[in-house]
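>>> kindly return the folded structure for what I paste below:
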Amino acid sequence: MKSLKNIWILIITVIGFSAYSCKTEEIILHGDLSGKVIDAETGQPINTAMITISQINDTTISASDGTYNINNLIPGNYDIQVSKPSYETDTKGISVASAKTENINFALNGIPVPEISVKYLDFGLDSVRKSFTISNTGMGRMDYFITGSQDWVHLSSTSGDVTNETDTIFVSIDKNGLPGKKHLESIKVYSLAGKTIKQDTVKVFLNGVMDIDHNYYNVVKIGNQTWMAENLNVGKFIFASYTGVGQTDNNIIEKYCYDNTISNCSVYGGLYDWDEMMQYEPQDSGKTGTTKGVCPAGWHIPTQAEIFILEDNAGGNLVGGGNLKETGLTHWNDPNVGATNLTGFTAIGGGIWFNGNFESLGWESIFHSSTFISPYGIFGFQLGNEGSGIGTYFNSPNSHPGFSVRCVKDPPEK
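Below is the predicted model of the structure:
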């Protein structure tokens, strides 16, 4: 009997344990969130507003009727942020309960959005008055005020406000007593957009010329010609290799940098294959060049005839090189014979790419022209550190050397 009693106790214990083990686990039911986003002033629904739950970085956007839904949230407290351009961002807290849908609506206040018509004003050598506009692409009234970085930059207005209209700001340059070198200054526009102040910058360029990469160059007038007073540095750097593919006709301006070092282009400018410089246009032997090539708008590659005029204005081929060269030994090797830079051309010893090698940095510079002289080749002029003359240089375009480029300004239209 005792054995039978023990057996029943064991059976009851096993059944009890099994019943406990099979007890249903507690199931946590997720909650949902829904709502609508409207314009606080008009009451109209706002579509494509971004709704973000900060704690889990989950996002959705409002539909065309302004509604939104976020499902399967673990019960708890959340911060819901709603944002859209032209509106102030709004954030609200909400507690999500298990198996419930919480509803939270947003009414966004419209704010102004400033728009400045230009990023820069390029006055070049001759312009003294230009303008830009300030408009409001958002909602409500936008106040603004403007400051210039120099007292020779005059503004027609320094403050104002815009709602639906556009304000035009005239900028005038006072050149009295201003050095003739290039100037890079700025105008700051501060706009009150909602609760924040937005700053825009309009750059001011003077006494120079800008290429398509927004490099800004000194220029100089020599006789009746206006020349770039720095080596051209426009385009994409490509690696120069004796066995590799060089500059090609691919609608991308390409350049070499001395020793394949990009920083050398910032100092000495790019080195260009003749075809690339010409942008694959035919040679030009006119009295005045017409081939823009890689030059900025309104400028062109000089012809042989234009280089001869430069040579004459510099004092002739015997001493003109010295009058074109930068003085000192910063960009020329010793002895930099005869360098006076009387013309302001400021030629530097940028070296060359020739026969698969970079050569002559500080020793010489060779500048392309757009003219082919049969049967000799492409005409160019050469300056060196050991002489004050201007050398004549011919090369075959098939040899693809890389030389420096100086552009000359187009003559005024008649």
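>>> residue contacts, the closest residue in space to residue 303 that isn't next to it in sequence?
Leaving aside its sequence neighbours, residue 303 sits nearest to residue 289 (C-beta to C-beta, 6 or more residues apart in numbering; 4.4 Å). Glycine gets a C-beta too; all of them are placed from N, C-alpha and C. For residue 289, the contact set (C-beta atoms under 8 Å, 6 or more residues apart in numbering) comprises 300, 301, 302, 303, 306, 370, 408.
>>> inside helices: which ones of those?
Among the contacts of residue 289, the members found in helices (DSSP state H) are residue 306.
>>> from the contacts of residue 289, pick the one nearest residue 247.
Distance to residue 247, by C-beta to C-beta, is smallest for residue 301 among the contacts of residue 289, at 15.1 Å.
>>> spatially nearest residue to the closest one, not counting backbone neighbours?
Residue 301 sits nearest to residue 370 (C-beta to C-beta, 6+ apart), 4.1 Å away.
>>> what number of residues lie near that neighbour?
Residue 370 has 26 neighbours, counted by other C-beta atoms under 10 Å.
>>> in this structure, where is pLDDT below threshold?
1-28, 243-245 (pLDDT under 70).
>>> domain ranges for it, per the record?
33-108, 114-206, 212-409 (automatic domain parsing).
>>> out of those, deepest packed?
Each of those was scored by mean neighbour count; the highest is domain 212-409, a mean of 19, by mean count of other C-beta atoms under 10 Å.
>>> did I read that right, residue 322 in a helix?
Yes - assessed with DSSP: H, G, I helix; E, B strand; the rest coil, residue 322 lies in a helix.
>>> number the chain from 177, please
Okay, using 177 as the starting number, the last item reads as residue 498.
>>> roughly how far does it sit from residue 226?
Distance of residue 498 to residue 226, computed by C-beta to C-beta, to the nearest Å: 66 Å.
>>> ok, residue 435 next?
With C-beta to C-beta as the criterion, residue 435 and residue 226 are 49 Å apart.
>>> and the strands in the stretch 377-526 of the chain?
With DSSP state E, counting those that start in this stretch as the criterion, the stretch 377-526 of the chain has strands at 384-386, 392-398, 401-404, 412-413, 430-431, 475-476, 526-530.
>>> right, and those - which one's nearest residue 215?
That would be strand 384-386 among the strands of the stretch 377-526 of the chain, by C-beta to C-beta, at 42.6 Å.
>>> which residues touch the residue nearest to residue 567 when sequence neighbours are not counted?
Distance criterion C-beta to C-beta, 6+ apart; nearest residue to residue 567, sequence neighbours excluded, is residue 558 at 3.6 Å. Shown in contact with residue 558 (C-beta under 8 Å, 6+ apart): 540, 541, 542, 543, 566, 567, 568, 569.
>>> beta-bridge partners for the second one, please?
According to DSSP bridges, the residues that bridge with residue 541 are residue 559.
>>> sorry, back to before: so which of the strands of the stretch 377-526 of the chain is nearest residue 249?
Of the strands of the stretch 377-526 of the chain, the one closest to residue 249 (C-beta to C-beta) turns out to be strand 412-413, at 49.9 Å.
>>> give me the residues contacting that closest one.
428, 429, 430, 431, 432, 433, 438, 441, 446.
>>> ok, these vs residue 578, which is closest?
residue 432 (4.6 Å).
>>> wait, what's in contact with that closest one?
413, 414, 416, 423, 446, 447, 448, 529, 534, 578 are the contacts of residue 432 under C-beta under 8 Å, 6+ apart.
>>> ditto for residue 216
Residue 216 neighbours (C-beta under 8 Å, 6+ apart): 283, 284, 285, 286.
>>> where does the residue lying closest to the last one once chain neighbours are set aside fall, secondary structure wise?
This points to residue 286. In this structure, residue 286 finds its nearest non-sequential neighbour in residue 315, 3.0 Å apart by C-beta to C-beta, 6+ apart. For residue 315, there is no helix or strand it lies in under DSSP states H and E.
>>> quick check on residue 315: phi, psi?
As for residue 315, its main-chain torsions (degrees, to the nearest 10) stand at phi -130, psi 150.
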